[in-house]
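**Q** predicted model and sequence below, questions to follow.
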Amino acid sequence: MSKPSILVTGATGRHGGTGIRIVEILRSQGFFVKAMVRRKDERSLLLEKMGAEVVEADFHNYPSLAQALAGVKQAYFCYPVASGIVEATTNFAAVGRESGLEYVVNNSMGASHPVSPSPLARAQWMSEQILTWAGFDCVHLRGGFFFENILLFSEQSIITQGRIANSFGDNSITWLAAEDMAQVSAKLLSTKNTSFGSVVPITANERIPLAEVVRIFSSVLGKPIQFENLEFDEWRKHLRENPRINPEMIEHLIGLAKLIQRQNAMPLVNTVEQITGKQPILLAEFVQKHRERLLNKIAQVNLATFE
């Protein structure tokens, strides 16, 4: 019996990069994979080299979704951290019902809730409801705060100032590596498993405050890294200077900071190990992976200073 076709949306997404990793895992297992991208570029060439069928489609373009979902029974739904997810999910669900889609693994958010202080988390909760109402067998993965986010909003200050600054305060945060989200998603897609329930929290085995985060960065890099807690408006101003962060993501991060300051961190769970059979990646491992690249950039800054 041939293996089913699986659609992976967000296949060239940069935030966490779960899509391309899922494609890689599923292709290595012999699944036929459709990789949905908004446009073909050098990233989509990597997907083609993996043996995936690359399909150009947009969540906000109904006809293009019909092409992407044609012949697909299982799909990974991953919308960028940006506005428009409710309309996008509605389009995806409507086309999926017409095309015979049966099973969806949804990369949701740990903060997903109808009254979350984050506008995107409220919209993400509505997205979960739409996929469920459409009648698909759904697994909504609510992940911890990605380690990758530290580098997204603090890499430049780590390199140039030896500093991580945000509004998370001294309260503990529940973390997760995007790699583990990809591993969990690929396993669920390959097995079509719903035994863990429709809403599944995914975390690493550690809940740590930013003071511990900077200690780990300092230890691994062999360089002193400091943490500075900022007022919301001050952090918002800093985030606006980051070209990789859109306005919606800024308000999402501020909303998360408000949740964390209320000590509303996600509970620790062992679902990564339960689903994949592997221990989740810890922060020290994540920093070690990026150590050489960060140290090279720090060295370049130091060299430029003395020139």
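**A** Arrived safely, thanks for sending. Residues are numbered from 1 along each chain as shown.

**Q** what number of residues lie near Gly51?
**A** Number of residues near Gly51 (other Cβ atoms under 10 Å) recorded here: 16. (C-beta placed from N, C-alpha, C; glycine too.)

**Q** OK, contacts around it?
**A** 27, 33 (Cβ atoms under 8 Å, 6 or more residues apart in numbering).

**Q** quick check: it is in a helix.
**A** No: applying DSSP: H, G, I helix; E, B strand; the rest coil, one finds Gly51 to be coil, outside a helix.

**Q** tell me the spacing between it and Phe31.
**A** Per Cβ to Cβ, to the nearest Å, Gly51 is found 10 Å from Phe31.

**Q** contacting residues around Leu69?
**A** 7, 75, 92, 95-96, 99, 101.

**Q** can you list the residues that contact the helix or strand harbouring Leu151?
**A** In this structure, Leu151 sits in helix 148-161 according to DSSP states H and E. Contact with helix 148-161 is made by 15-17, 163-166, 177-178, 213, 217, 225, 239, 242, 244-245, 253, 290, 294, 297-298, 301, as judged by Cβ under 8 Å, 6+ apart.

**Q** among those, name the ones in helices.
**A** Residues of these located in helices (DSSP state H): 178, 213, 217, 239, 253, 290, 294, 297-298, 301.

**Q** so which residues of this protein form helices?
**A** Using DSSP H, helices in the chain cover 18-28, 42-49, 62-69, 85-99, 119-133, 148-161, 178-191, 210-221, 232-240, 247-261, 271-276, 283-306.

**Q** for Ala35, find the nearest of the ones you listed.
**A** helix 42-49 (4.4 Å; Cβ to Cβ).

**Q** which elements pack onto the closest one?
**A** helix 18-28, strand 32-37, strand 53-56 (3 or more Cβ pairs under 8 Å, 6 or more residues apart in numbering; DSSP states H and E).

**Q** mean pLDDT, distance to Ala134 and mean neighbour count for these - can I get that in CSV?
**A** Shown next, in CSV, are the helices and strands packed on helix 42-49 (pLDDT from 0 to 100; distance: least, Cβ to Cβ, whole Å; neighbours: other Cβ atoms under 10 Å):
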stretch, mean pLDDT, distance to Ala134, mean neighbour count
helix 18-28, 96, 21, 22
strand 32-37, 96, 18, 25
strand 53-56, 96, 21, 17
